[in-house]
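Enquirer: The following comprises the amino acid sequence and a computationally predicted model.
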Amino acid sequence: MLGHGTDRPMGPEKNMTAASPSLQVLVVDDELNIRKTLAVCLETEGHKAIGVSNVQDALTEASRRSFDLAFVDLRLGTDDGLDLIPLLLAATPGLKVIVITAYASIDTAVEAMRRGATDYIPKPFTPAQIDLAVRKVFEVRSLEQKVAALQEELGRQHPEVDFSSSSPEMQRAVNLARQAAASEATILLRGESGTGKTALARAVHSWSGRASKPFGIVSCPSLSADLLESELFGHVKGAFTGAVRDNPGRIAASDGGTLLLDEISDLPLPLQPKLLRFIQDREYERVGDTVTRKADVRLIAATNARLEDAVKDGRFREDLYYRISVIPVEIPPLRERPGDIAALAERLLAFHARMNHRSFRGFEGAALSALAAYGWPGNLRELSNTIERAAILCRTDRVGPECLPANLVASGPAVKIGDAVSLETVEEHHIRRVLASAKSLQEAAAILGIDQATLWRRRKKYGL
């Protein structure tokens, strides 16, 4: 047993050095032998320990370097170790504090935890107790660092979402989504491609009581009917060729959380009754299995198509349509939010500049005017791509019109049906919009109702 002033080293029962990186440890105890004993034990296990005897020295050391863990005695001469805990936590965010004391009681343990301690060890303690406590701290710190790294990576790859808007339509959409988030109702997000439906779905999840649970996405057009069923509901080993192991599916993986069904208008007809059953009863079966399973998943659907037309054409079940559109949220296209473009462009420029290790002082007035005048058929996605291009190619510290795509600068204001313009102008703008939103030239030609050779000639004519 240790902790009664003995200077007997704590012999290592396990070697943690091979299994884990070292921790930076601060030992605060007014007994010299305790400080030496803990230091020897920790350093034997590969950690780095610094011992001090009082509150002032502890705070001085905490101001000099970052510690992962601190052992704090409750009685430090005339000072109270409980008072030191919040001071150390303020000086070193993420620090874990383990209280050690020869005057253990339930009250002091509760008070230590209330002030921020993560563990409590009474004296005398054994080497095994110290070893276990340090291992627990290491595991927690490792998880926290992994989470922080993932959040940082996500932050670098995706611009921060800001739903502030001067557009009444956008404000209504965001306010409705925020209100609906607190409920369990299925939400249908409607809007053109690139308007930010996925970002708003993530926001709904974060605003809901399910925020701490998983958020999943299933893209309905991306897979065949059979593979989509497996992706959604899961499958058992041997259910089909290539099913070499069980797959729980996205519904099971999102249990307790939220699942976004992106472009639900492309959900194959054979899958629609199965999805309807899950929405109604929260029950489903994996492919190749007869076991009925339950899952608590909040569904959000998104589409850029008119589901009413799909219902009329027999491509979408009417009962499913009513089930998923309990709360429909219409997201306006960017061309109907001209007052938001400058602020969006500035935020995107800051993000893409950071991603490309550049620095800008903003946009020139002419560039902002060109951005505001453009029709943005690809919406936020097209705007982000345009700003990313400028952040890469612009050689000055302010983005001018010369840094923007030529067709954007030359396009002028967005054209609407019925405007006093020529048919040729209408055709040019319509082709631009279709090209921006279509996934391929073949798809664009099909939408326009012309062959690819004709589309090629139109693109050459308009400099697209």
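Expert: Here it is on my side, so go on.

Enquirer: list the contacts for residue 294?
Expert: Residues in contact with residue 294 (Cβ atoms under 8 Å, 6 or more residues apart in numbering) are 282-283. C-beta coordinates here come from the backbone N, C-alpha and C atoms, glycine included.

Enquirer: Can you name the residues bridging to it?
Expert: Going by DSSP bridges, residue 294 is paired in beta bridges with residue 283.

Enquirer: Same question for the one 5 residues further on.
Expert: Under DSSP bridges, the beta-bridge partners of residue 299 are residue 259.

Enquirer: Number the chain from 816, please
Expert: All right, first residue 816 from here; so that's residue 1114.

Enquirer: all strands of the stretch 1066-1215 of the chain, in order?
Expert: Remark: strands assigned in the stretch 1066-1215 of the chain by DSSP state E, counting those that start in this stretch are 1073-1077, 1098-1099, 1108-1109, 1113-1118, 1142-1145.

Enquirer: most packed of these?
Expert: Greatest average neighbour count among the strands of the stretch 1066-1215 of the chain goes to strand 1113-1118 (a mean of 26), per mean count of other Cβ atoms under 10 Å.

Enquirer: Specify the angle between that one and strand 1073-1077 in degrees.
Expert: Strand 1113-1118 and strand 1073-1077 are oriented at 20 degrees to each other (axes from the mean of the first three to the mean of the last three Cα atoms, to 10 degrees).

Enquirer: got the contact list for stretch 1009-1016?
Expert: 976, 978, 988-989, 992, 1002, 1004-1006, 1032, 1073, 1075, 1077, 1115, 1117, 1119, 1144, 1146-1149, 1193-1197, 1252.

Enquirer: Buried ones from these, can you make that a PyMOL selection?
Expert: Per 16 or more other Cβ atoms under 10 Å, the buried members of those correspond to this PyMOL selection:
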select buried, resi 988+989+992+1002+1004+1005+1006+1032+1073+1075+1077+1115+1117+1119+1144+1146+1147+1148+1149+1193+1194+1195+1196+1197+1252
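
Enquirer: residue ranges for the helices of the stretch 1116-1265 of the chain, please.
Expert: For the stretch 1116-1265 of the chain, the helices defined by DSSP state H, counting those that start in this stretch occupy 1122-1127, 1133-1139, 1153-1170, 1180-1188, 1194-1208, 1221-1226, 1238-1252, 1256-1263.

Enquirer: Switch these over to CSV; also include mean pLDDT and distance to residue 841.
Expert: Output for the helices of the stretch 1116-1265 of the chain, formatted as CSV (pLDDT from 0 to 100; distance: least, Cβ to Cβ, whole Å):
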stretch, mean pLDDT, distance to residue 841
helix 1122-1127, 94, 61
helix 1133-1139, 95, 55
helix 1153-1170, 91, 35
helix 1180-1188, 87, 52
helix 1194-1208, 92, 43
helix 1221-1226, 68, 57
helix 1238-1252, 74, 58
helix 1256-1263, 83, 62
